[in-house]
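Peer 1: how would this look folded up:
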Amino acid sequence: MTPLSLSSPRRPLKILQVASHFLNWGGAEIHVLNLTERLLARGHDVTVSCRPGFFVEKEAQQRGFKIFHATVRKQQDWHDARPYGRFIKENRFDVVHSHWRADYLVAPTLARLAHVPVILMSHHSPYPLQLKEVLFFPRFISNRFIALSESVRQTLIRCGLRPDKVVTIHHGTDVVAFQQTTASPESVRAEWGIPAGRVVIGIAGRLASEKGITDVVRAMSNRPELPLHLILIGAGKLEDEIRALCEARDLTARVTFAGFRHDVNNAIAALDALILPSTWAEPCAAVVQQAMALGKPVIGTNTGGTPEMVVHEKTGFIAEPGDIKQMGDMLARLCAMTDDERIEMGQKGRVRVESHFTLDLMVDKIEQLYYSEWECAMQKNKGISAQ
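Peer 2: Just a heads-up that it's a prediction; the model follows:
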């Protein structure tokens with residue numbers, strides 16, 4: 001695992017991105033596509049292994065990526081092993097990068113048999129007992145493991161991975177692209193029908209129980225004096241339950257269900273602050289970086305990778321997950337700030353994301369890891385050949 005010398009010649013690498021278990025639109029899927037696009041722009045030869053007929057394949061085709069069709073449905077699904085192994089061997093890949101736990105075994109094993117270094121990546125933080133089972137075999141065949149936050153890294157180490165084998169590379173946002181809004185905040189607020197004088201907070205993502213949305217509704221109900229209006233940007237199974245809670249707490253007029261939007265940057269730009277009240281360990285929530293890129297303060301919870309991005313009382317506020325009173329206190333502090341103070345806090349967040357969490361910075365670190373492991377493999381294979 002010796003780092004690549006700066007004096008070493010760097011030819012473009014031949015890389016296989018393994019994402020055959022990804023089905024629908026989501027943060028991990030976008031991560032693979034954006035990483036592939038940036039690596040191609042840097043001259044690397046990249047192929048995406050994905051399942052036919054689903055989001056990653058369709059988007060990869062639209063972007064002009066090379067594709068290998070694989071239909072791995074679970075970790076020990078070996079029915080594609082023979083053509084998969086032949087494909088890896090014939091293409092002489094320099095690195096194989098698997099992005100999901102269902103892809104931690106088949107492609108990596110075939111790659112190691114072909115003496116190709118293997119990088120595994122954890123996009124989520126499953127329960128430790130479940131993760132220990134998932135990692136039992138992959139920990140022996142992987143060269144390195146990428147964690148999307150230090151929180152995820154510590155979870156992986158607790159589950160048996162060697163600390164020197166796990167590297168933290170935070171998810172990165174295409175800051176410049178996300179800042180290109182196409183609608184004014186005033187027009188979006190008018191679309192939502194927001195009364196004047198309200199402090200507009202928003203939650204962007206799936207309407208699911210682990211997102212802690214009902215905690216914010218209850219916190220607002222407990223602090224009726226606060227001039228808050230909550231926007232829910234997204235859809236999900238919990239919508240009916242949230243609507244019922246809003247009605248029971250007399251908050252129907254102060255909560256807007258905006259639904260799923262493709263122009264989520266326009267929606268976030270219309271907020272005074274973003275809220276991420278998750279009760280589970282969000283590994284490295286892209287929406288936090290996106291809000292910071294748009295100069296918005298973020299109120300998050302002290303779990304997962306969120307505290308690694310949001311600096312308490314500087315770029316936003318951090319509350320304990322599930323603590324409704326503390327969430328209410330953080331909302332009160334936000335409301336007590338002047339517009340200029342909220343803008344200043346948001347600008348500090350923007351500086352932070354531009355300094356630490358850009359897509360290019362993420363790709364720089366992953367590319368360096370690829371080169372490091374490729375060089376180690378070259379040296380090892382040379383030694384084997386000389387014996």
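Peer 1: just checking the distance from the helix or strand where residue 331 lies to the centre of its chain.
Peer 2: Under the criterion of DSSP states H and E, residue 331 resides in helix 324-336. Chain-centre distance of helix 324-336: 26 Å, with CA atoms, centre = their mean, to the nearest Å.
Peer 1: who touches that helix?
Peer 2: With contact meaning CB atoms under 8 Å, 6 or more residues apart in numbering, helix 324-336 is reached by 199, 201, 215-216, 218-220, 222-223, 226-228, 272-273, 277, 297, 299, 317-320, 342. Where C-beta positions appear, they are placed from N, C-alpha and C, glycine not excepted.
Peer 1: for it, what is the average pLDDT?
Peer 2: Mean per-residue pLDDT for helix 324-336: 99.
Peer 1: which other residues reach stretch 35-44?
Peer 2: In contact with stretch 35-44 (CB under 8 Å, 6+ apart) are residues 12-15, 17, 46, 48, 60, 63, 65, 359-360, 362-363, 366-367.
Peer 1: from these, list just the buried residues.
Peer 2: Among these, those buried by neighbour count (16 or more other CB atoms under 10 Å) are 13-15, 17, 46, 48, 60, 65, 359, 362-363, 366-367.
Peer 1: please identify which pair of those residues lies farthest apart.
Peer 2: Using CB to CB, the buried ones among the contacts of stretch 35-44 span at most 22.0 Å, a distance reached by 14 and 359.
Peer 1: ok, which stretches of the stretch 251-387 of the chain are strands?
Peer 2: Taking DSSP state E, counting those that start in this stretch as the criterion, the stretch 251-387 of the chain contains strands spanning 255-257, 273-276, 298-301, 316-319.
Peer 1: make CSV out of the ones you listed and add mean pLDDT and distance to residue 209.
Peer 2: Formatted as CSV, the strands of the stretch 251-387 of the chain follow (pLDDT from 0 to 100; distance: least, CB to CB, whole Å):
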stretch, mean pLDDT, distance to residue 209
strand 255-257, 99, 17
strand 273-276, 99, 15
strand 298-301, 99, 14
strand 316-319, 99, 18
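Peer 1: JSON lines please, covering the ones you listed and showing distance to residue 264.
Peer 2: Listed next are the strands of the stretch 251-387 of the chain as JSON lines, based on distance: least, CB to CB, whole Å:
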{"stretch": "strand 255-257", "distance to residue 264": "15"}
{"stretch": "strand 273-276", "distance to residue 264": "11"}
{"stretch": "strand 298-301", "distance to residue 264": "15"}
{"stretch": "strand 316-319", "distance to residue 264": "18"}
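Peer 1: neighbours around residue 262, how many?
Peer 2: Neighbours of residue 262 under the rule other CB atoms under 10 Å: 7.
Peer 1: element containing the closest residue in space to residue 163 that isn't next to it in sequence, please.
Peer 2: Sequence neighbours aside, residue 157 is the residue nearest to residue 163 in space, at 5.4 Å (criterion: CB to CB, 6 or more residues apart in numbering). Using DSSP H and E, residue 157 sits within helix 150-158.
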